[in-house]
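Enquirer: what would the 3D arrangement of this be:
(one chain, ligands or ions: 2)
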Amino acid sequence: MIRMRLILLIVSALSASVVFAAGAVVKSPTGVAPDRYVYYPGTEALKKDEIRLIACGTGLPAARRDQAATCFLAEIGNGDKFLFDVGTGSITNVAALMIPYDFLDKVFLTHLHTDHWGDLATLWAGGWTAGRTKPLQVWGPAGATPEMGTAYAIEHFLKAYNWDATTRNFVLSAEPGKIIVKEFDYKAVNAVVYEKNGVTIRSIPAIHAGDGPVSFILEYAGLKVVIGGDTFPNRWYIEHARNADLAIHETFLTPTDLVRLYGQSPAQAIAVGTQIHTSPQAFGKVMSTIKPRHAVGYHFFNEQATHDHILLGIRQVYSGPLSLAVDNMVWNISKDAIVERMIVSPDQAWAVNGPNKPPAPPARGSIPDPISDFIKSGRWQPAEAAQAPMVDKFKKDNDLK
Ligand SMILES: [Zn+2]
Ligand SMILES: [Zn+2]
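Expert: Numbering: from 1, shown residues only. Ligands and ions are numbered 1, 2, ... in the order given. From the prediction side, this is the model:
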């Protein structure tokens, strides 16, 4: 009986969902397939009143080739782009969208677990070498004490990467290697942390592992997207994620699968899976309470077995429109429709050149050379001679001395 009800719930939910890109008929064997399933990055202009939201990481702290750790990219019809979390491995997926690094300078961190900011180094240094012309800007929560906050984390991140920055500063402009931190109060409820060009981003507290974590609410053109960070279901999300067009919230592996597949002890699994994260049933309760236009669950290794266990848990309590996110899922959100597709791009894709010229490197002699005379004395002259004609031509072509 219970199983019957479950199946009915699932069937009714699927038939009620309007989110998937609907197909049309292919009328000719030489014609084209309808616009369906697939988004090819860089091939569609965003409409003014539209948001394109891309899951660039949906996984866990442990690495998995199929899923990077948390990262959502929001592309806004006014031209803004915001990265929400940059979890380990996620920047590979971001780069494959072929967006110039200059457009990827705004990062919002929900909290400081590696699976939410572990790829900041990749964005920071990679973007610096590949065309970003200005500093990164990072918004993130304060902590219960200064050394638990985002400003402290970024200050010490830059210290940890001192060798990296010092050596790059000699040959590249230092400007794109800077990080501007905008730390805000993690306890503030629905407080504005960003407001510009018609976009408002607010934060609400989250309940996860320690004080500090938050979730974000993005509003633009009458649309509301909630980017839930790691949390046990909390009253702030229930109150402020209501009427969301797209409500993202974590839903964790079941305790049984945490033991069976993820190497955790039962005591650990029940604490992690039901106290500092959100179980599938609890996720379902959140969504059946706030009733978004579309719900998105993430933060688990998504494969047939785990997916079904999570879906069955959620469907015990929630029957509305739902995606269980995987990497490279994309939602086009407008007043008319929410359309879900998958991104298709070649593995070879990388971020492309932007409109701005890279800033000039520092003048010779203005910064101490990080390579000593001893190390320089080891340069092998036949290599120098072999490349000399190519170097001379390049310098002439580019008016370099
Ligand atoms: Zn976390
Ligand atoms: Zn996490």
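
Enquirer: for stretch 97-110, measure first residue to last.
Expert: Distance between the two ends of stretch 97-110: 23 Å, counting by CA to CA, to the nearest Å.

Enquirer: for T289, pull up the helix or strand it's in.
Expert: Remark: T289 resides in helix 280-290, with elements defined by DSSP states H and E.

Enquirer: buried stuff in that helix?
Expert: 280-287, 290 (16 or more other CB atoms under 10 Å). In this view, the C-beta of every residue, glycine as well, is placed from N, C-alpha and C.

Enquirer: with just CA atoms, put the helix or strand just after it into CSV.
Expert: Counting by DSSP H and E, the element after helix 280-290 in chain order, helix or strand, is strand 294-298. Output of strand 294-298 as CSV, limited to C-alpha atoms (Å, rounded to 0.1, in the frame of the first residue of the first chain):
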residue,chain,number,x,y,z
HIS,A,294,11.2,24.1,-8.8
ALA,A,295,13.3,22.3,-6.2
VAL,A,296,16.9,21.2,-6.6
GLY,A,297,18.6,18.7,-4.3
TYR,A,298,22.4,18.2,-4.4
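
Enquirer: and K48, how many neighbours?
Expert: 12 (other CB atoms under 10 Å).

Enquirer: contacting residues for the residue in the stretch 301-401 of the chain that ligand 2 sits nearest to?
Expert: Residue of the stretch 301-401 of the chain nearest ligand 2, by CB to the ion: F301 (12.4 Å). With contacts defined as CB atoms under 8 Å, 6 or more residues apart in numbering, F301 is in contact with 59-60, 64, 66-67, 253, 261-262.

Enquirer: go with 10 Å
Expert: For F301, the contact set (CB atoms under 10 Å, 6 or more residues apart in numbering) comprises 58-60, 62, 64, 66-67, 253, 257, 261-262, 307, 326.

Enquirer: could you pull out the helices for the stretch 301-401 of the chain?
Expert: 304-315, 373-376, 381-397 (DSSP state H, counting those that start in this stretch).

Enquirer: what mean pLDDT would you report for the shortest one?
Expert: In other words, helix 373-376. Helix 373-376 shows a mean pLDDT of 98.

Enquirer: residues touching it, excluding its own?
Expert: Residues outside helix 373-376 that contact it (CB under 10 Å, 6+ apart): D369.

Enquirer: give me every residue in the stretch 201-350 of the chain lying close to ligand 1.
Expert: Residues of the stretch 201-350 of the chain lying near ligand 1 by CB under 5 Å from the ion: D230.

Enquirer: tell me where the stretch 201-350 of the chain is predicted with low confidence.
Expert: Judged against pLDDT under 70, the stretch 201-350 of the chain has no low-scoring part.

Enquirer: residue in it nearest to ligand 2?
Expert: Closest residue of the stretch 201-350 of the chain to ligand 2, CB to the ion: D230 (4.3 Å).

Enquirer: ok, back up a step: any idea which of the helices of the stretch 301-401 of the chain gets closest to V138?
Expert: Checking the helices of the stretch 301-401 of the chain against V138 by CB to CB gives helix 304-315 as the closest, at 31.2 Å.

Enquirer: so what angle separates the directions of the closest one and strand 294-298?
Expert: 140 degrees (axes from the mean of the first three to the mean of the last three CA atoms, to 10 degrees).

Enquirer: circling back: okay, the angle between the helix holding T289 and helix 304-315?
Expert: Going by the same axes, to 10 degrees, helix 280-290 makes 40 degrees with helix 304-315.

Enquirer: alpha carbons of helix 280-290, as CSV, please.
Expert: Output of helix 280-290 as CSV, limited to C-alpha atoms (Å, rounded to 0.1, in the frame of the first residue of the first chain):
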residue,chain,number,x,y,z
PRO,A,280,16.0,13.1,2.0
GLN,A,281,12.9,13.0,4.1
ALA,A,282,13.8,16.3,5.8
PHE,A,283,14.6,17.8,2.3
GLY,A,284,11.1,16.7,1.2
LYS,A,285,9.5,18.4,4.2
VAL,A,286,11.4,21.7,3.5
MET,A,287,10.2,21.7,-0.1
SER,A,288,6.6,20.6,0.6
THR,A,289,6.5,23.5,3.1
ILE,A,290,8.0,26.3,0.9
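
Enquirer: in terms of secondary structure, what does it contact?
Expert: Contact partners of helix 280-290 among helices and strands, from 3 or more CB pairs under 10 Å, 6 or more residues apart in numbering; DSSP states H and E: helix 235-240, strand 246-250, strand 294-298, helix 304-315, strand 322-324.

Enquirer: would TSV of these with mean neighbour count and distance to L136 be doable?
Expert: What follows is the helices and strands packed on helix 280-290, written out as TSV (neighbours: other CB atoms under 10 Å; distance: least, CB to CB, whole Å):
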stretch	mean neighbour count	distance to L136
helix 235-240	17	27
strand 246-250	26	23
strand 294-298	26	24
helix 304-315	17	34
strand 322-324	21	29
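
Enquirer: many thanks, have a good one.
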